[in-house]
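> Show me how the following folds:
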Amino acid sequence: MQTTTTDITTDNTRSYRRVFLWLPRAGLALLCMAFLLVPSCSALYNFDGFPLKTISQGQVNGQVLQYTIMGLQNSPRTLEFDIPAGSEIQWARTYVGVWGGTPRYTGWVQVVANGRDYGQVKLYGQDDKNPNVWCTGYGVYWTAWDTTGAVQNGHNIITATTSQGLPESKLDGRIYGVTTVLVTKTPGGPDVRYWILEGNTNLHGTGWSGDASATVNDETSAQITVPDVTGSPHANLTTIEMTSTKALPDYIQFNGQDLGLPAAQMAGYPAGVTDIADETSMNAGYYSPVKSRYWDIEIFDVTNQLRQGSNEVSFLRGRDLNGDGTISSTGDKPEGEDYLHPVFAMLTLERASSPSSAVTLPASGAATATGTDLSIGRLDVTDAYSGENATITATLQNLGARPATPVTIAFSVDGEIIGKQQVTVDASGIQQVTTGWQASAGSHTVEAAVQVSGDSDTSNNLLQKTITVGSLPDLEVSVDAPHRPGAAEPTQKSPLPVEIGISAAVLSLAAYRALHRQPPQGKNSNMRIISVLFILMLVTAALPAVIPATRAADTTSLYLLPVNVRNSGGSDAPAFDVTIYLDGEKIATKTYNDGLGAGKEISAEIPIHATPGSHTLKIIVDEAAKVKDGNRNNNVAESAYVFP
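Below is the predicted model of the structure:
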């Protein structure tokens, strides 16, 4: 039996609270949060946020360490910790959570690690495009720095500072917490495999959408593929959520099963109600609780829920306990958080240390090992148009121990090798390798393969796809009338009364200003609730004079919007987004990561929330113009509809 130690403090002094975790079976060497690699694409502001995605994975004989200060406080915040002697630091990452106030406020955040200044990173709010900044909601920032080159064995000092209080900055600038995570190789350490996910999803109810459409975002999920569960590994799931509030129920599930302990303090609730994000960290059963204002780190034992293949982790801001169709965050018995931000998840499996050459055969017959296991996880081709230089991108994934020597990625088209790249496998376990190709018209089979000696599972070393090359793609979007789920007939188009648009704009602006008058600690304050209700009462009293009889009620309902995208061009289109606007407000974005083949079309019914009555819908395909489109004139569909 081993011990896991985690250093946590809730202030920015040098005093620490040390808590110990005694694990069953072999025990996990040192569980925590972990290092994440900055994504290759820039992060853009999105009100509903960014779903969690796997961006780091691998295997190490050693430890994963976590050092954290947490709980919303003024800038600056200083984190101090000691890394055990004899550890080989393979990678390290420092995260800072920042409260902006509104997405319109701008400022900066800065990290200094052991005297190394990483410089000021601008926080642009709704205009943010920084690759290490994820901004959502009303200005909730999750920021990251690669501090591998700065941390060291022995004592470490890391300070995070924001522009809080400076004359030129309107940014609120308070810091939710600072955490540094490390993966270290330790002689004789246990065999630890891990999958790390990062994002910043804004789960929120109708009162927190920030626009007249009153959208909701109740749940977010992510998939983790575990190829091998032989040997009964111990499994732990680590999660981080920001903007949490005590006494508002919320849930985390793993493979459909609720995690954590029932909320004993919430008397009168049905059995099974939990309050995971309760401003108290480490109270899921492992550690002694640690108070952490608007920040929650938990570690769950998911050994019994783990399964080979796809595993799902889900975050729910609440549940509809009374069956009225909504998740309320007010009243005597609130049903969920008003808003909540999951930003991190990590699944870790541990077995006893074993030789890297050891190979076992599970019941499925697929070879597995504790040694090298490389795979091509994704294959993308961009700019593959007749006569142009295309780019082929292979995503190399390390599912096992990191190879000590470079490996080769071979690219081929129609069975002929067009290029080879020698790469050193990245410490993150996920990296992109590219090559160029002079595209020619026609149908082609593109292939990428990783070549490495001693790979324990060669079945995932190769990936191929068939593409069509010709003239430029031509993405065209069309939309049918929105309808309620299960409705026999869709709604009909109608002119949009100007008065409705004016009323909606007044209501949106008034509610938005009232909701943002208080910082995060006031999000449940009676004064703000009274202010919003008063505004709604005044505006609602004037609406009957301008809203036609077709508008049955001033409450939001769920509708399905049939959206069709067609590629009438001669080449396949790469990944693109479809953006939905309701009365001028962006309410939804659907991403088509696999793009769309030449001459093909794809349809989807996108759920949206709106009040009954007349609204204008605007749907844009590839709004960011990332796709070379032969005709952008048909990328927008706009019409007015009556929502029943």
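> In three-state terms, label Tyr287 for me.
The three-state label given to Tyr287 by DSSP: H, G, I helix; E, B strand; the rest coil is coil.
> residues near it, how many?
19 (other C-beta atoms under 10 Å). Every C-beta, even on glycine, is put in place using the N, C-alpha and C of the backbone.
> what's the answer for the one 5 residues further on, then?
The number of residues packed near Ser292 is 24, by other C-beta under 10 Å.
> what about the chain, any weak spots by pLDDT?
For the chain, the stretches with pLDDT under 70 are 1-44, 207-215, 264-267, 285-286, 352-370, 486-556.
> Quickly list the domain ranges of it.
Using automatic domain parsing, the domain parsing of the chain gives 3-351, 366-469, 475-497+548-643.
> Would you tell me which one of these is buried the most?
The highest mean neighbour count among the domains of the chain, using mean count of other C-beta atoms under 10 Å, belongs to domain 3-351: a mean of 20.
> and it, how far from the chain's centre?
Between the centre of domain 3-351 and the centre of its chain there are 11 Å (C-alpha atoms, centre = their mean, to the nearest Å).
> Identify the residues contacting Trp145.
Residues in contact with Trp145 (C-beta atoms under 8 Å, 6 or more residues apart in numbering) are 93-96, 111, 113, 118, 132.
> And Trp142, by the same measure?
Contacts of Trp142 (C-beta under 8 Å, 6+ apart): 95, 97, 133-134, 198, 200, 242, 341, 343.
> quick one: secondary structure of it?
Assignment for Trp142 (three-state DSSP): strand.
> Would you quantify the distance from it to Gln73?
Going from Trp142 to Gln73 by C-beta to C-beta, to the nearest Å gives 17 Å.
> Please apply the same query to Thr395.
39 Å.
> same check, this time on Trp295
For Trp295, the distance to Gln73 - C-beta to C-beta - is 10 Å.
> what sits in contact with each of these two?
Between them, Trp295 and Gln73 share no contacting residue, judged by C-beta under 8 Å, 6+ apart.
> where does Gln126 fall, helix, sheet strand or coil?
Of the three states, Gln126 takes helix under three-state DSSP.
> Now do the same contact list for it.
Taking C-beta under 8 Å, 6+ apart, one finds 45, 103-104, 135 in contact with Gln126.
> same deal with Glu298?
238-239, 252, 259-260, 276, 281-284.
> how about the closest residue to Asn200 other than its chain neighbours, what does it touch?
Among residues not flanking Asn200 along the chain, Trp134 sits closest, at 3.9 Å (C-beta to C-beta, 6 or more residues apart in numbering). Taking C-beta under 8 Å, 6+ apart, we find Trp134 in contact with 43, 49-50, 141-143, 198-200, 343.
> which two in those are spaced the farthest apart?
Gly49 and Thr143 (14.3 Å; C-beta to C-beta).
> May I have stretch 200-207 as PDB, with CA atoms only?
Provided in PDB are the C-alpha atoms of stretch 200-207 (Å, rounded to 0.1, in the frame of the first residue of the first chain):
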ATOM      1  CA  ASN A 200     -14.000  25.600 -20.300                       C
ATOM      2  CA  THR A 201     -17.700  24.900 -20.700                       C
ATOM      3  CA  ASN A 202     -20.200  27.300 -19.400                       C
ATOM      4  CA  LEU A 203     -23.100  25.300 -18.000                       C
ATOM      5  CA  HIS A 204     -26.000  27.800 -17.300                       C
ATOM      6  CA  GLY A 205     -29.700  28.100 -17.000                       C
ATOM      7  CA  THR A 206     -32.100  30.400 -18.900                       C
ATOM      8  CA  GLY A 207     -31.500  33.300 -16.600                       C
END
